[in-house]
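Undergrad: structure of the sequence below:
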Amino acid sequence: MKLFATLFIAMGTLGLAAQSATQSFAQAAAEAEQRLEQSLDELDSIQQEINEQRPKLGARLDDVESRALRLRDEASNVARVKAGFDVEVSQLENEKESVIDNNSYIQSTLLNEYIRRFELTIDPSEKPMYTEDIREALSFLEVDEDVDDATIFSSQLEVVEMALKRVERVTGGDTFSGPAIVDGSLRDGMFALVGPSSYFTDNEGSAGVTNGMIENRANIYILPTYASAITTTINSGSGIIPIDTTDGEALEGITHTITLTEEWALGGFVMYPILGLFSLSILIALFKTFELFRVKAARAKDIDVILDHISNEKNDAALAHAKSVGGPVGEMLCAAVENASEDREVIEEVLYEKIIKTQPKLERMLAFIAVVAATAPLLGLLGTVTGMIKTFKLITIVGTGDARNLSSGISEALITTKWGLIVAIPTLIMHALLNRKAKGVVGSMEQSAVGFINGIIEIRARENKQG
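TA: Numbering: from 1, shown residues only. Sure, this is the predicted structure:
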C-alpha cells in the first residue's frame with residue numbers, strides 16, 4: 001500500500017511539473033518571437049539606412065580609388081626621376097673623382113716637376129731671387145698636416161708665374177745686381193745673363209764667368225783677358241764677350257782640380273776599409289819581403305863542403321859550416337849533420353819535418369794579403385752600389401735635369417770601384433811575388449835535403465867498397 005501511495009504521489013508531482021514546463025515554453029517562445037520581430041525591424045531600419053548611405057559611400061570610394069591611382073602614378077614618376085637623379089649623381093661623382101685625380105696629378109707631378117726643373121735650370125746668380133719662393137711652394141708636400149689644395153695650387157701657380165716672367169725678362173739677355181764669390185770673398189756687382197751663361201763684374205774691375213756655387217752664392221771664375229770687354233758689355237748692354245760652347249764642361253775641367261783627400265771624401269765610408277786594408281797589406285808585404293829575402297839559400301858548394309867533412313869524419317866541422325849558413329836552411333842542415341849516421345829513412349823524416357815546420361813560418365800572413373786582394377774589389381763594388389742608391393734617391397728628389405746634384409752619388413760609385421782596383425792589383429802582385437819567394441825557399445830546402453841524402457848514400461856506398 002505504501003508503495004502504491006508513493007507512486008501515486010510521484011505521478012501527481014510529475015504532472016504538475018509537466019504543466020508548469022508547458023507554460024514556461026510557451027512564454028519563452030512568445031518572447032523569442034517578439035525579439036525576432038524587433039530584430040527584423042532593426043534590420044530593416046539598418047538596411048534602409050545603408051541603402052540611403054550607399055550612394056554617398058560609393059562616390060567616396062570612387063574618389064579614394066581615383067586618388068590612389070593618381071598617387072601611384074606620382075610615386076612611379078618620382079621613382080623614375082629618382083633613378084635618373086641617381087645615375088646623374090653617380091656620373092657626377094665619377095667626374096668629381098676624375099677631376100680630383102687630375103688635379104692631384106697636376107699638383108703633385110706636373111707642377112712640382114716643373115718647379116724642380118725651374119730651380120735646376122736657373123743660373124746660380126739667380127738662385128737667391130727664386131730659391132725661397134720655390135722652397136715655400138715645395139714645402140707643402142713635406143708637412144704632415146693637411147693643407148688646402150687651393151693653397152698649394154695658388155703657391156705653385158705663383159712659382160709658375162715667376163718662371164714665365166723670368167723667361168720674358170731674360171729673353172735677349174738681362175742684367176741685375178747681386179753678390180758673388182770672387183777669389184774666396186763675397187763682393188757686390190752686376191750680373192749679365194746671356195743664354196745659358198752668366199757674367200759678373202764688380203766695382204774693383206774684376207770680371208769673369210759664373211762657375212757653380214759656393215755657400216749658396218754664385219762663384220766667379222775670373223777672366224783677366226776679357227775683364228774689360230765683360231765690364232763694358234754689362235754696363236752698356238752691348239759688346240763682345242767670350243762664349244763657352246761646351247756648356248761649362250771646359251771651364252769645369254780648367255777650374256775644378258780634385259785632390260787626393262777630396263777624392264777619398266767623395267768616395268764615402270767605403271774608402272776607409274779599403275784604405276785601411278791597403279795600409280795593412282803594405283806593412284805586411286814590407287815585413288814579409290824583409291823576412292823572406294833575409295833567408296839564405298844553401299849553395300851546392302855548401303852541401304859539398306859539409307859532405308866532405310862528414311866523409312872525413314869531421315862532424316864538428318860539418319856542423320859548424322851548417323850553422324854558418326843560417327836561417328831555416330842552416331837549421332835543416334844542422335839536423336841533417338846530427339843524424340848523418342842514421343838510416344836513410346830516418347834522415348828523410350828528420351829533414352821533411354824541418355821543411356814542414358819551416359813552411360808555415362814562411363807563408364804566414366800571406367793569406368791576409370790574398371784576402372785583401374780579393375776583398376778590395378768587393379768593397380769597391382759595395383761603394384758602387386751605395387753610390388748608385390744615393391744617385392737614384394737624388395733623382396727622385398731633384399730629377400735628372402742637373403748632373404751637378406747627381407755627381408756626388410756617381411762619384412762615390414766610380415771612385416770606390418777605382419780605388420778597389422788600385423788596391424787589389426798591386427796587392428795581388430805582391431802576394432804572388434811573396435808567395436813565389438816563400439815557395440822558392442821551401443824548394444831550396446827540399447833540393448838541399450835531396451842533395452844531402454844522395455851525398456850521404458854515396459859516401460856510405462864508397463865506404464862499403466873500401467871496407
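Undergrad: can you mark which positions in stretch 112-123 are buried?
TA: Counting neighbours by 16 or more other CB atoms under 10 Å, one finds that the buried residues in stretch 112-123 are N112, I115, R116, R117, F118, E119, I122. Where you see a C-beta, it was placed from the backbone N, CA and C, and this is true even at glycine.
Undergrad: for the last one, give me its contacts.
TA: Going back to what we said before, that points to I122. By CB atoms under 8 Å, 6 or more residues apart in numbering, I122 lies in contact with Y130, R166.
Undergrad: what does the fifth one give?
TA: By CB under 8 Å, 6+ apart, the residues touching F118 are Y130, I134, V159, A163.
Undergrad: mind checking the SS state of it?
TA: Taken by DSSP: H, G, I helix; E, B strand; the rest coil, the conformation at F118 corresponds to helix.
Undergrad: the host helix or strand of R70: how far from the chain's middle?
TA: In the assignment (DSSP states H and E), R70 maps to helix 2-105. For helix 2-105, the separation from the chain centroid amounts to 82 Å (computed by CA atoms, centre = their mean, to the nearest Å).
Undergrad: just stretch 224-243 next, same as before
TA: Computed by CA atoms, centre = their mean, the chain-centroid distance of stretch 224-243 equals 48 Å.
Undergrad: before we move on, what about stretch 266-281?
TA: Relative to where its chain is centred, stretch 266-281 has its mean C-alpha point 24 Å off (CA atoms, centre = their mean).
Undergrad: check which residues of it are buried.
TA: For stretch 266-281, the buried set under the neighbour-count rule, 16+ other CB under 10 Å, comprises L266, G267, G268, V270, M271, I274, L275, L277, F278, S281.
Undergrad: of the contacts of F118, which is the nearest to S76?
TA: Checking those against S76 by CB to CB gives V159 as the nearest, at 56.7 Å.
Undergrad: on contacts alone, who are the packing partners of whatever helix or strand that closest one lives in?
TA: Using DSSP H and E, V159 falls within helix 149-170. On a contact count with 3 or more CB pairs under 8 Å, 6 or more residues apart in numbering; DSSP states H and E, helix 149-170 meets helix 112-121, helix 127-139.
Undergrad: now the angle from the longest one to helix 149-170?
TA: Put simply, helix 127-139 runs at 160 degrees to helix 149-170, going by axes from the mean of the first three to the mean of the last three CA atoms, to 10 degrees.
Undergrad: who touches helix 127-139?
TA: Applying CB under 8 Å, 6+ apart, the set of residues contacting helix 127-139 from outside is 112, 115-116, 118-119, 122, 155-156, 158-159, 162, 166, 176, 178-179, 213, 216-218.
Undergrad: which among the helices and strands packed on helix 149-170 is found nearest to A374?
TA: helix 112-121 (41.5 Å).
Undergrad: F176 pairs with what?
TA: In this entry, F176 is beta-bridged to F191, by DSSP bridges.
Undergrad: quick check: it touching M190?
TA: Yes. At 7.3 Å, F176 counts as touching M190 under the criterion of CB atoms under 8 Å.
Undergrad: show me which of those two is the more surrounded one.
TA: With neighbours defined as other CB atoms under 10 Å, F176 and M190 compare such that M190 has more, 19 against 14.
Undergrad: what's I220 sitting at in phi/psi?
TA: Reported as degrees, to the nearest 10, the phi and psi values for I220 are phi -110, psi 130.
Undergrad: any idea what it is bridged to?
TA: Residues found in beta-bridge contact with I220 (criterion: DSSP bridges) are V182, T210.
Undergrad: ok, it - contacts?
TA: Here I220 is in contact with A180, I181, V182, F200, S206, G208, V209, T210, N211 (criterion: CB under 8 Å, 6+ apart).
Undergrad: so the fourth one belongs to a strand, correct?
TA: Yes. Residue assignment for F200, taken from three-state DSSP, places it within a strand.
Undergrad: distance of it from A207?
TA: Counting by CB to CB, to the nearest Å, the separation of F200 from A207 is 7 Å.
Undergrad: anything in contact with each of these two?
TA: With contacts defined as CB under 8 Å, 6+ apart, the residues adjacent to both F200 and A207 are I230, I234.
Undergrad: between the buried residues of stretch 112-123, which is closest to A68?
TA: Closest approach to A68 among the buried residues of stretch 112-123 (CB to CB): N112, at 63.1 Å.
Undergrad: quick check, the closest one in contact with F153.
TA: No. Between N112 and F153 there is no contact, the gap being 11.4 Å when judged by CB under 8 Å.
Undergrad: which residues do those two both contact?
TA: Taking CB under 8 Å, 6+ apart as the contact rule, N112 and F153 have no neighbour in common.
Undergrad: re earlier: highest neighbour count among the contacts of I220?
TA: F200 (28 neighbours).
Undergrad: report the beta-bridge partners for that residue.
TA: According to DSSP bridges, the partner residues bridging F200 are F191, G208.
Undergrad: for the contacts of F118, which two are the farthest from each other?
TA: Across those, the two members that end up farthest from each other (CB to CB) are I134 and A163, 9.4 Å apart.
Undergrad: overlap in contacts, the two.
TA: In the contact map built from CB under 8 Å, 6+ apart, the residues linked to both I134 and A163 are I115, F118.
Undergrad: could you break this structure into its assigned domains?
TA: In the assignment given by automatic domain parsing, the structural domains of the chain cover 172-256, 271-466.
Undergrad: report the rounded mean pLDDT for the first one.
TA: For domain 172-256, the per-residue pLDDT values average out at 74.
Undergrad: just the last one next, same as before
TA: Average pLDDT, domain 271-466: 79.
Undergrad: ok, and the closest non-adjacent residue to I234?
TA: A192 (4.5 Å; CB to CB, 6 or more residues apart in numbering).
Undergrad: distance of that neighbour from P124?
TA: Here the criterion is CB to CB. By it, A192 lies 14 Å from P124.
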